[in-house]
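>>> quick one: sequence plus predicted model below, questions after.
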Amino acid sequence: MATDLSAVAKSEGIKYFLVSFVDLFGVLRAKLVPARAIGDMQQEGAGFAGFAAWLDMTPADSDMFAIPDPDSLIQLPWKPEVGWLAADLWMDGKEVEGSPRIMLKRQIERADARGHRMKSGVECEYFLIDESGTNIADPRDIQEKPCYDQSALMRRYDVISEICDAMIGLGWGPYQNDHEDANGQFEMNWDYDDCLVTADRHSFFKYMVKSIAEKHGLRATFMPKPFSHLTGNGCHAHVSVWDSTGTENLFHSDSDEMGLSPLAYQYLGGIVHNAEALCSFFNPTVNSYKRINAPPTTSGASWAPNAVTYGGNNRTHMIRIPDKGRFELRLMDGAANPHLLQAGVLAAGLDGVENGRDPGKRLDINMYTEGHRARGAKKLPLNLLDAIRTTEKSRVLRDAMGADVVASYCKLRRDEWQRYSSAITQWERDHTLDC
């Protein structure tokens, strides 16, 4: 029996609900529903015009309804009279296949048919900046190597601790917060969980961080590369696959040198095989390609990948194996759509299993200084257009997510590229006015 949201509203003192969905560009959309109406919304959904969001629809399309998932309910820690709900999109009596949450659920169904249950965690990096967005918020945060700077971390104690306290109250199991490698940059970690739970929490986390930062007169950004001389915002994903009960880690092996099972290597092979095609999901903006393939920053390294490689506990590779039974994907950035991130990883991994893909031998080199030795390693796309073209050609993604869905995503991203290409930048003026 599904949770009765009307009863929950009365028992928990919730006056309003944000019935929310994520569009293809990762933007949170919502309607604010009074508690008196949530019973009907739970059954029928909140109505939206799909064309008004980043979904490949027109004004002529039918109404779209967001039906909330009661298991996703989160009371806003800073405004507990409001409850947030992740919703699934329906139109004309059918689920909207181009909805990112539905796209993820389809991959979960594929994995479930094999007795697989993907668990994941994400490392969300963000900057605290001034309200104009032109500078970091802390003018004293100027160390050349600012990572783990205790003083800079504690100067933002009020913001960081409020976010962490909120996660503790929500039962997410946060376990560390740190100042990251760029001036003004922070990262907060919480426990891994089933990939749908992680995707929903990831979406809410970004909203929560921005809201609490605003409360303190600051601005938070997950933009991949907001400052050219500083390390960009990554969103590394830690991945493992378990049995259907969630009790046995199917990636773990005591007999393997790196602690990975044959199944784990197949998943890894699928990700290596499909990495270029997944770039437009994992690095979805024009700005994303100023983070990957980036030159060293003032701290000495970009911490972002430049090729499709994997290694052991080595942060210069796209995929790192830090411990037995899991691997870390370092390609994703802060702009990645939380649900497409998880859907892409799972789709690629299942392709690896279905086709017995071999990731090849691991590389034990520093890719930043010895990348030329990685002979045959595929290079990552240099820009968003190249990434979109690779996604369009991917039979794996078309088969896994639906040809129409992939075409819609690429169409919207290509439109974005066209808008970017038609803009005249200051760099162009500086370098070509006198040509």
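Arrived safely. Source: prediction; values computed, not measured.

>>> so where do the strands sit in the stretch 51-200 of the chain?
64-68, 74-76, 79-91, 94-95, 117-129, 174-179, 185-190, 193-194 (DSSP state E, counting those that start in this stretch).

>>> the stretch 201-350 of the chain too?
Using DSSP E, counting those that start in this stretch, strands in the stretch 201-350 of the chain cover 219-221, 235-242, 310-311, 319-323, 326-329.

>>> can you put these in CSV and add mean pLDDT?
Listed next are the strands of the stretch 201-350 of the chain as CSV, based on pLDDT from 0 to 100:
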stretch, mean pLDDT
strand 219-221, 98
strand 235-242, 98
strand 310-311, 96
strand 319-323, 96
strand 326-329, 98
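
>>> which stretch among the ones you listed comes nearest residue 64?
Of all the strands of the stretch 201-350 of the chain, strand 235-242 sits nearest to residue 64, with 27.6 Å by C-beta to C-beta. Using the backbone N, CA and C atoms, a C-beta is placed for each residue, glycine as well.

>>> need the strands of the stretch 51-200 of the chain in TSV with mean pLDDT, can you?
Output for these, formatted as TSV (pLDDT from 0 to 100):
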stretch	mean pLDDT
strand 64-68	97
strand 74-76	98
strand 79-91	98
strand 94-95	97
strand 117-129	98
strand 174-179	98
strand 185-190	98
strand 193-194	98
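
>>> got the ones you listed as JSON lines, with distance to residue 308 and mean neighbour count columns?
JSON lines is the format used below for the strands of the stretch 51-200 of the chain (distance: least, C-beta to C-beta, whole Å; neighbours: other C-beta atoms under 10 Å):
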{"stretch": "strand 64-68", "distance to residue 308": "37", "mean neighbour count": "22"}
{"stretch": "strand 74-76", "distance to residue 308": "36", "mean neighbour count": "19"}
{"stretch": "strand 79-91", "distance to residue 308": "32", "mean neighbour count": "20"}
{"stretch": "strand 94-95", "distance to residue 308": "33", "mean neighbour count": "12"}
{"stretch": "strand 117-129", "distance to residue 308": "20", "mean neighbour count": "23"}
{"stretch": "strand 174-179", "distance to residue 308": "28", "mean neighbour count": "16"}
{"stretch": "strand 185-190", "distance to residue 308": "24", "mean neighbour count": "22"}
{"stretch": "strand 193-194", "distance to residue 308": "27", "mean neighbour count": "16"}
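
>>> nearest to residue 371, of those strands?
Nearest of the strands of the stretch 51-200 of the chain to residue 371, taken as C-beta to C-beta: strand 117-129 at 23.2 Å.

>>> just give me how far the lowest-mean-pLDDT helix or strand in the chain sits from the chain centre.
Ranked by mean pLDDT, DSSP states H and E, the weakest helix or strand in the chain is helix 367-370, scoring a mean of 92. A distance of 26 Å separates the centroid of the chain from that of helix 367-370, by C-alpha atoms, centre = their mean, to the nearest Å.

>>> and for stretch 63-79?
With C-alpha atoms, centre = their mean, you get 19 Å for stretch 63-79.

>>> repeat for stretch 15-24
18 Å.

>>> same question for stretch 27-40.
That offset, for stretch 27-40, works out to 24 Å (C-alpha atoms, centre = their mean).

>>> one step back: among the strands of the stretch 51-200 of the chain, which comes closest to residue 208?
Nearest of the strands of the stretch 51-200 of the chain (C-beta to C-beta): strand 74-76, 7.8 Å.

>>> same for that closest one, what does it pack against?
When contacts are defined as 3 or more C-beta pairs under 8 Å, 6 or more residues apart in numbering; DSSP states H and E, strand 74-76 packs onto strand 79-91, helix 195-215.

>>> in a markdown table, list those along with distance to residue 224.
Supplementary listing: the helices and strands packed on strand 74-76 in a markdown table, determined by distance: least, C-beta to C-beta, whole Å:
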| stretch | distance to residue 224 |
| --- | --- |
| strand 79-91 | 24 |
| helix 195-215 | 13 |
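
>>> which one of these lies nearest to residue 68?
Among the helices and strands packed on strand 74-76, strand 79-91 sits nearest to residue 68 (C-beta to C-beta), with 3.7 Å.

>>> relative to strand 64-68, how tilted is the closest one?
With axes from the mean of the first three to the mean of the last three C-alpha atoms, to 10 degrees applied, the angle from strand 79-91 to strand 64-68 works out at 130 degrees.

>>> for strand 79-91, name the packing helices and strands.
Counting by 3+ C-beta pairs under 8 Å, 6+ apart, strand 79-91 packs on helix 5-12, strand 16-22, strand 64-68, strand 74-76, helix 100-113, helix 195-215.

>>> partner strands of that strand and their direction?
strand 16-22 (parallel), strand 64-68 (antiparallel), strand 74-76 (antiparallel), strand 94-95 (antiparallel) (DSSP bridges).

>>> residue ranges in the stretch 301-435 of the chain under the pLDDT threshold?
For the stretch 301-435 of the chain, no stretch has pLDDT under 70.

>>> where along it do the helices fall?
338-354, 367-370, 384-393, 395-401, 403-422, 426-432 (DSSP state H, counting those that start in this stretch).

>>> just these: most buried one?
Between the helices of the stretch 301-435 of the chain, helix 338-354 has the highest mean count of neighbours, a mean of 26, where neighbours are mean count of other C-beta atoms under 10 Å.

>>> much appreciated, bye for now.
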